[in-house]
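>>> give the three-dimensional model of this entry:
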Amino acid sequence: MAQLRVVVLWHQHQPFYKDLVTGQYRLPWTRLHALKDYYGMVKLLDEFPQVHQTFNLVPSLIAQIQDYVSGEAQDPFLQVASKPAKDLTERERRFALEYLFQANTANVIGRYPRYRELWEKFHGAGESPERAEKYFQVQDFTDLQVLSQIGWFDEYFLAEKDVAELIRKGRNYTLEDQRLVMARERELLCRVLPVHAEAAKKGLIEISTSPFYHPILPLVCDTQMGAVSSPGLALPQNRYRHPEDAREQLERGLDLHQKVFGMRPQGVWPSEGSVSEEVLTIAQQLGVQWMATDEGVLGRSLGMNFSRDGYGRLNSDGAHRLYTIYRYENADTRMNLLFRDHTLSDLIGFVYSGMPPQDAANNLIHKIKESAQPILANGQDAVVPIILDGENAWEYYPRSGREFLRRFYDALQKDPGMQAVTVTEAITRHKNAGQLKSLVPGSWINANFNVWIGAPEDNKAWDYLYHARNFYAQEAPGATEEQRKLAFEEIVIAEGSDWNWWYGPEHHSANDRDFDELYRKHLSNVYQALGGTPPDYLAQPIPGGVARPSFTPQTAYIHPRISGDRVRYFEWMGAACYTADQRSGAMHGKQFLMDEVFAGIDEQYVYGRLDFVGKVPEDAFEVVVNLESWANDAAKPRRELRLGAAVDGGRMQSWKVTQSENVVADSADAKDIARVALDRNFEFRLPLTWLLAAPLEIDKVRGPKSSDVLTVRLRLRFSLWQNHLPVDALPVEGWIELELLAEEDLLAAGG
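The predicted structure follows:
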């Protein structure tokens, strides 16, 4: 019987946040993700002993975890979170307000009512630490310090008795509570690496590695590879070519894994799936048995495109070519290669977080089987590789995605036609490997290196690295061994891919400035370590000004005509507006179809508008608008409505408004009280009475606020679904909120 083997590889990685000169960690994400994700992702497999997986731990991540476990690592976030609130300086209080709310609003902050309450107080002050600080008392800061740490605790840790008791307490935490949380952090971090070693010894997982500081190996070998994968790409002024550094980075990674886990890795996920023929040769010389990258690299190497239909399915030829192990043979180089299914991996990363866990697991199992069916029907074994980040997706799932994973793993384990195997197990069992004689250089993103080279910011960063590397070559012979060692370490850190991830137009985070400053600090340290003076340009930020996502609240009543045929700018003036940020964050690959959404009220109606990115998609999809009305501080909404509009071929086919399963109105019987339209954009108008937000209630919110005054607010969220899967949403997190105010009060609030 032909076998369907599912290879899941979780890539665990954080940039190297430590400044080697000061010893300080600039950002806390290694510590926080080690608390929240890395332990439980492996521990969960104890419940599913037949589900074998591969965990790729980047060596610089391991080194940072070890630093925290030893107690030597310090970051300002940890220092502020652990200091008694009464002793915080004004600067530290503002730092706490700026950074301790950096978490997913719905799934981390919103999980704890007091944390959400504090976030709303901060949000109400315009998210300005300077303005908000005077409204936060000592108890507020203590509660923020405790909950901002608990929010990042793994699901297994949250269930432990002392932590569970703190969660039940909910608020009014003491200094003893704060100290308990900080002590537990260290204990929990100590479990992360041992749980991986234990699972590997049991055969539940295979541990693979990456080059030590996560560099793009083909570009470290030769930046000209950027133009090989993208002909005509603008390159840095200076050619960076150091294959000896690439070898050093990879060899160090292999050595560290052997030291920490007691076994040398068989395989490598090269940073960002970045491969070239030179990289394969270096890896083989170091004893690496397998490497993995993306289907796009395979497609370019085979001279074909892995195109899919509207349901994400490959044709039979594409499936046969993708779902197998490849054997690369060229001259003296031999390497086993896997190529990730981009679509299946992205479903976990970006789509299933918006679905009930069982539905998402069922859909994934169905799609895996459907993908492999052409091969199985031919009597051949199929290998389906799913490879993605092992940490960044889980903030977008309720309870860190554990219920989705449990249901997925349970289905994998119980299905006799499927095997969940490690990469090495898949290679060992697979009998009909494909053959490759050549490989086009590329990464998992568009089968090129354009994220890391080509943009003016990227190229400037490479030129700065080139000059620092040359300074090292000139000055190292006359320096002491200690100086040389420190300077070279700063160079290989600066070769890491993470700095250029945030340069250029593709990505941004709330910490862009921190990444830029840390990169320039690493390069400055090269000069200082060797007794030189850093060039003046390293004092200047590399990035220019960048756009950010924006939200504007409603400032006036609106009365737009609902036609969808063209944007009448003045009719929507005063509406609340949320603009998408179409640059990805830590995870690349999200599909952007929605550009901007608007919402507002007048005396009788709530209005909404969705502007698409480009033209209305031709494929069938559904626009969904979820609407809620809330009164005062009620624990649940007064009324929840769902507006769904079916679209195909760029035209709206039908729409309906439902409450639970009951139809409130539809396109067949609207009587003009509700209007929904689609042409260039999507627009709607619904009566406030449908949301139990009658116009007469507007008068009740006037005057002095008191407990008996009825205050009503509306919340809206727009999403776009294809093939019953949520593919885009605005806002990405949370809701657009509208206050139900009389127009003069709304104007006053806006002023």
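>>> what residues sit buried inside stretch 402-418?
Arg402, Glu403, Phe404, Leu405, Arg406, Arg407, Phe408, Tyr409, Asp410, Ala411, Leu412, Met418 (16 or more other CB atoms under 10 Å). (Glycine included, C-beta is placed from N, CA and C.)
>>> using PDB, write out every CA atom in it.
The C-alpha coordinates for stretch 402-418 follow below in PDB (Å, rounded to 0.1, in the frame of the first residue of the first chain):
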ATOM      1  CA  ARG A 402      -2.500  24.100  21.200                       C
ATOM      2  CA  GLU A 403      -6.100  23.000  20.600                       C
ATOM      3  CA  PHE A 404      -5.600  23.200  16.800                       C
ATOM      4  CA  LEU A 405      -2.300  21.200  17.100                       C
ATOM      5  CA  ARG A 406      -3.900  18.600  19.400                       C
ATOM      6  CA  ARG A 407      -6.700  17.900  16.900                       C
ATOM      7  CA  PHE A 408      -4.300  17.900  13.900                       C
ATOM      8  CA  TYR A 409      -1.900  15.500  15.700                       C
ATOM      9  CA  ASP A 410      -4.700  13.300  16.900                       C
ATOM     10  CA  ALA A 411      -6.000  12.900  13.300                       C
ATOM     11  CA  LEU A 412      -2.500  12.200  12.000                       C
ATOM     12  CA  GLN A 413      -1.900   9.500  14.600                       C
ATOM     13  CA  LYS A 414      -5.200   7.700  14.000                       C
ATOM     14  CA  ASP A 415      -5.200   7.700  10.300                       C
ATOM     15  CA  PRO A 416      -3.700   4.400   9.000                       C
ATOM     16  CA  GLY A 417      -2.900   5.900   5.600                       C
ATOM     17  CA  MET A 418      -0.700   8.700   7.000                       C
END
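>>> tell me who's in contact with Val616.
Residues near Val616 by CB atoms under 8 Å, 6 or more residues apart in numbering: Val647, Gly650, Leu678, Arg680.
>>> specify the local secondary structure of it.
The three-state assignment at Val616 reads coil, by DSSP: H, G, I helix; E, B strand; the rest coil.
>>> ok, it to Glu737 distance?
27 Å (CB to CB, to the nearest Å).
>>> got it, and Ala668?
Ala668 is 32 Å from Glu737, by CB to CB.
>>> could you do Arg186 as well?
39 Å.
>>> ok, back up a step: tell me which two in the contacts of Val616 are the farthest apart.
Val647 and Arg680 (12.8 Å; CB to CB).
>>> ok, now which ones touch Phe432?
One thing to correct before we go on: residue 432 is Asn, not Phe. Thr324, Gln380, Asp381.
>>> what do you get for Val383?
Arg5, Val7, Tyr323, Thr324, Ile325, Leu338, Ala426, His430.
>>> if we go to 7 Å?
Arg5, Val7, Tyr323, Thr324, Ile325, Ala426, His430 (CB atoms under 7 Å, 6 or more residues apart in numbering).
>>> likewise Glu475?
So Glu475 contacts Leu530, Gly532 (CB under 7 Å, 6+ apart).
>>> host element of it?
helix 456-475 (DSSP states H and E).
>>> cool, and Phe55?
strand 53-57.
>>> now tell me which helix or strand of the chain has the poorest mean pLDDT.
Here the helix or strand of the chain ranked lowest by mean pLDDT, DSSP states H and E is helix 697-700, holding a mean of 48.
>>> quick check: what element follows that helix along the chain?
That would be, after helix 697-700 and using DSSP H and E, strand 712-722.
>>> between Val647 and Arg680, who's got more neighbours?
Val647 (21 against 15; other CB atoms under 10 Å).
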